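1. Got a sequence here, can you build the structure:
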Amino acid sequence: MSSLVVMMAAGPAAAQQDLIAASQAGASPLYFEPAAGTPLVTPGTFYNARECTPRNGLPAFFKKAAAEEPLLVGFIGGSITQGNAGYRPQTLRYLQAMFPAVNIRALNAGVSGTGTDLGASRVREQLLQHGPDLVFVEFAVNGAYAPGMEGIVRQVKKSGADVCLIYTITGPQTKIYAAGQVPENIQGLEKVAAHYGVPSIHLGMEAAMLEQQGRLLWKGAAGDTTGHLLFSTDGVHPLTAGGNVYAAAIARGLEKMRKRAEQGTRPPATVDNRKQAEHGTPPAVAAGSGKPAKARLSQPAGGEKETLPPPLFPDNWEAAGMYAPRSIATFSGRWEQVTLPQFAPWFPVIEKAVTPGAACTFRFTGSGFGIFDVGGPEAGQITITVNGKTMQVQPPLVPGTQVYRLVEGDSLPVNRFNSYCNNRYRGQHQFFTLPEGRYTVSIRLSSQRADKAAILGPKQQEDIRQHPEKYSQGVLHLGRILVKGTPVLNGKE
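-> Here you go, the predicted structure:
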């Protein structure tokens, strides 16, 4: 297999910036350590009984920590997790200070702009294959798609790791917390946490209180720190000071759970648990079978078997996965195998479609598929056929997600260029749902070109005016194929 670094061609294209040099939002290194100068947060004095719900806690993690065994901690989420100020490095440093005699390593599986649909598809490859003992899951601001979150939780628990859900917020949600309420999107994720007895931590409660007191500015100009703490400059992504507030909430939650683990107590029965004990829990029905589904067993790191309850959502994302394209697909037309070093932690090899009509075809049994690709100025459009029929893409099933519905119809191209592709390269994805069944899918590079100038809008015209040759191209940089179900791997299901 050949491998090369993509460079811009000579001649007219020589004016283009190198694809790698221009990249601004590539993959982060998987293993990480806190950088020099990472603050060591303290739990502080803030208290709200609802900030952390320990439920069954993190028993296997704390058991190994008490025995001074090596620990591996995984973080999965969106851009707040991927970034180096949001909470992740501070949390790792706190854990290392919490257990100074323990060798604690960590994994960063944050992907900017993505939610639980892609999270459920990639958690196995990017985290679970490495055998983490604890996984923090952060997806509340990126759609908070509960069926996807359930898929992540079930996969993590089946791997034997402990899991903790952490809820970041956007600026308007501070008012909800200040009023003593919980944002609606987070309420959906809390149902998943309660169903599986996993702990959860609301990271925005202290920030809401500080804002209410005039001691925190949620969104402001860089350097505007007179008389208050500046949380962010965009209303979403914390600066280091804001990330410290988030990490302090995690520190308080960890101390609460450690105390429970040291006392050896189990949490009191919740209202839902009491109702189940009184009235019984109806068995789940296996999809399409009409028969009760069997409970699945997971093997926690502590060595005790745990029975997973029936799913909350029959169509949850436990079966989601992502696959190297050549492991499940055949290719026709002109493709190039390239390496983009900035994206190598996600995609060691990328399949690049360079001429219209180039296609990849794969088969699977399940209820959906998608692509995880690299967007940029050159991104083009694709068409999709399923079982030989041309398809049209309908709006997302759930607003705020990348989960779209496919219907049979005239083949309309699916555009892989968007407003984030202005002189930058970033991981992106799109998922397409289908009724449960057996499918043969072909994804083909279209000859049609999107109106990229119109997509970028009036405020993002400088680069397209200076380098029109970049934007006139139409290519697909395919990193992974996503499947919700069972793919045909090398000819075998």
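
2. so what's His202 up against?
-> 50-52, 167, 177, 182, 186, 249 (CB atoms under 8 Å, 6 or more residues apart in numbering). C-beta coordinates here come from the backbone N, C-alpha and C atoms, glycine included.

3. Got a quick PyMOL command for the buried subset of the residues you listed?
-> PyMOL command restricting these to the buried ones, with burial defined by 16 or more other CB atoms under 10 Å:
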select buried, resi 51+52+167+177+182+186+249
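
4. Identify, from the contacts of His202, the entry nearest to Ala27.
-> Tyr167 (24.7 Å; CB to CB).

5. where does the closest residue to Pro345 other than its chain neighbours land in three-state SS?
-> The shortest distance from Pro345 to any non-neighbouring residue, by CB to CB, 6 or more residues apart in numbering, is to Ala27 (4.0 Å). Classification of Ala27 by DSSP: H, G, I helix; E, B strand; the rest coil places it in coil.

6. Quick check: the gap between Ala27 and Ser112.
-> Distance, Ala27 to Ser112, by CB to CB, to the nearest Å: 10 Å.

7. Name the residue in those two with the higher neighbour count.
-> Ala27 (25 against 21; other CB atoms under 10 Å).

8. Which neighbours do Ala27 and Ser112 have in common?
-> Gly427.

9. Please render the contacts of His202 as JSON lines that adds distance to Cys421, pLDDT and secondary structure to the earlier fields.
-> Shown next, in JSON lines, are these (distance: CB to CB, whole Å; pLDDT from 0 to 100; DSSP: H, G, I helix; E, B strand; the rest coil):
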{"residue": "Arg50", "distance to Cys421": "41", "pLDDT": "97", "secondary structure": "coil"}
{"residue": "Glu51", "distance to Cys421": "39", "pLDDT": "98", "secondary structure": "coil"}
{"residue": "Cys52", "distance to Cys421": "39", "pLDDT": "98", "secondary structure": "strand"}
{"residue": "Tyr167", "distance to Cys421": "30", "pLDDT": "98", "secondary structure": "strand"}
{"residue": "Tyr177", "distance to Cys421": "35", "pLDDT": "96", "secondary structure": "helix"}
{"residue": "Val182", "distance to Cys421": "35", "pLDDT": "96", "secondary structure": "coil"}
{"residue": "Ile186", "distance to Cys421": "31", "pLDDT": "96", "secondary structure": "helix"}
{"residue": "Ala249", "distance to Cys421": "35", "pLDDT": "98", "secondary structure": "helix"}
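
10. Serialize the contacts of His202 to TSV and add fields for distance to Gly204.
-> Shown next, in TSV, are these (distance: CB to CB, whole Å):
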residue	distance to Gly204
Arg50	12
Glu51	9
Cys52	13
Tyr167	7
Tyr177	6
Val182	10
Ile186	9
Ala249	8
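
11. Please enumerate the helices of the stretch 151-300 of the chain.
-> 173-178, 184-196, 205-212, 240-263, 271-279 (DSSP state H, counting those that start in this stretch).

12. Dump the fourth one to CSV, keeping only the CA atoms.
-> C-alpha atoms of helix 240-263 as CSV (Å, rounded to 0.1, in the frame of the first residue of the first chain):
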residue,chain,number,x,y,z
THR,A,240,-8.3,28.2,31.1
ALA,A,241,-10.1,30.0,33.9
GLY,A,242,-13.4,28.7,32.7
GLY,A,243,-12.0,25.2,32.3
ASN,A,244,-10.8,25.4,35.9
VAL,A,245,-14.4,26.0,37.0
TYR,A,246,-15.5,22.9,35.1
ALA,A,247,-12.6,20.8,36.4
ALA,A,248,-13.4,21.9,40.0
ALA,A,249,-16.8,20.5,39.6
ILE,A,250,-15.3,17.2,38.5
ALA,A,251,-12.9,17.3,41.5
ARG,A,252,-15.9,17.7,43.9
GLY,A,253,-17.6,14.8,42.2
LEU,A,254,-14.6,12.6,42.4
GLU,A,255,-14.1,13.3,46.1
LYS,A,256,-17.8,12.6,46.7
MET,A,257,-17.5,9.3,44.9
ARG,A,258,-14.2,8.3,46.6
LYS,A,259,-15.7,8.9,50.0
ARG,A,260,-18.6,6.6,49.1
ALA,A,261,-16.2,4.0,47.8
GLU,A,262,-14.0,4.1,50.9
GLN,A,263,-17.1,3.7,53.1
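
13. Number the chain from 627, please
-> Fine by me, first position is 627 from now on; the one you just mentioned is helix 866-889.

14. Work out the gap between it and the centre of the chain.
-> With CA atoms, centre = their mean, to the nearest Å as the basis, helix 866-889 stands 22 Å off its chain's centre.

15. same question, the shortest one
-> Its chain's C-alpha centre lies 24 Å from the corresponding centre of helix 799-804 when counted by CA atoms, centre = their mean.

16. Would you mind listing the buried residues in that helix?
-> 799-800, 802-804.

17. Also the second one?
-> Judged by neighbour count using 16+ other CB under 10 Å, the buried positions of helix 810-822 are 811-812, 814-816, 818-822.

18. now the longest strand seen in the chain: mean pLDDT?
-> Secondary structure of the chain read by DSSP state E shows that its longest strand is strand 1052-1071. Mean pLDDT, computed over strand 1052-1071, is 96.
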